[in-house]
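Student: what follows is a predicted structure for the sequence shown.
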Amino acid sequence: MEELPIGKAFTLIEPGPVVLVTTSDGRTDNVMTISWTMVLDFTAKFAITTGAWNHSYAALTKTKECVIAVPTVDLLDTVVGVGTCSGRDTDKFARFGLSRVTAQHVRAPLIAECLVNIECRVAEIIGHHDIVVLQGVAAHVDGGRKEKRLIHAVGDGTFVADGRRFDRREAMRSKLPGGV
């Protein structure tokens, strides 16, 4: 085995998928790209890493709500574009042709072009680590969407798309919620 600089170790286990997170401060909607996400348990509890460096953070901490929108690989250039400009001076919905859909439980909009949208409320902010714990309150999936491959950031400016799916549900039945 060859040694890798410790500063690049995160590229070996970078989480995924890359998501778009929408917020609304009551006047302006915004969207940011987040590549550090985590499912916390079998409930609809998630975590993202963000902080004051992101323009959306102010709306997220003020309103305590957002939408996690999960894009597919066909939106990769949009995802990168959203993540490389600021909502301080850019209407990202207009610039990247994203369609707002009114959410049922939060003010932040869903994104029509995404495969999945999860309406969330902020459950906790762990400031020391810039972790925002979110509780999902509603989920929406576009079952008719042909492209379903998700985007995973490697962390060095490259990305990987989901590939073949392997079914081991029967072998894991005793560990899955509700015996799915």
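Tutor: Here it is on my side, so go on. Numbers count the residues shown, from 1 in each chain.
Student: got a list of what the residue sitting nearest the centre point of the chain touches?
Tutor: The centroid of the chain falls nearest to residue 19 when counting by CA atoms, centre = their mean (2.6 Å). Applying CB atoms under 8 Å, 6 or more residues apart in numbering to residue 19 gives the contacts 33-34, 37, 48, 68-71. Quick note: C-beta positions are derived from backbone N, CA and C, even for glycine.
Student: ok, it to residue 57 distance?
Tutor: Using CB to CB, to the nearest Å, one gets 15 Å for the distance from residue 19 to residue 57.
Student: same question for residue 108, what's its three-state structure.
Tutor: Secondary structure for residue 108, judged by DSSP: H, G, I helix; E, B strand; the rest coil, is coil.
Student: buried stuff in stretch 35-53?
Tutor: For stretch 35-53, burial by neighbour count (16 or more other CB atoms under 10 Å) applies to 35-37, 44-50.
Student: which residues does it contact?
Tutor: 14-19, 21, 32, 34, 56-58, 60, 68, 83, 118, 120, 123, 127, 129-137, 139, 153, 155, 177.
Student: pLDDT averaged over it - what is it?
Tutor: Across stretch 35-53, pLDDT averages out at 91.
Student: and the contacts of residue 19, which two are furthest apart?
Tutor: 48 and 71 (14.7 Å; CB to CB).
Student: sheet partners, orientation included, of the host helix or strand of residue 117?
Tutor: Assigned by DSSP states H and E, residue 117 falls within strand 116-126. If you go by DSSP bridges, strand 116-126 pairs up with strand 65-70 (antiparallel), strand 131-141 (antiparallel).
Student: just put those in CSV and tack on mean neighbour count.
Tutor: Output for those, formatted as CSV (neighbours: other CB atoms under 10 Å):
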stretch, mean neighbour count
strand 65-70, 25
strand 131-141, 17
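Student: can I get those strands in a markdown table with distance to residue 101 and mean pLDDT?
Tutor: Formatted as a markdown table, those follow (distance: least, CB to CB, whole Å; pLDDT from 0 to 100):
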| stretch | distance to residue 101 | mean pLDDT |
| --- | --- | --- |
| strand 65-70 | 9 | 98 |
| strand 131-141 | 8 | 96 |
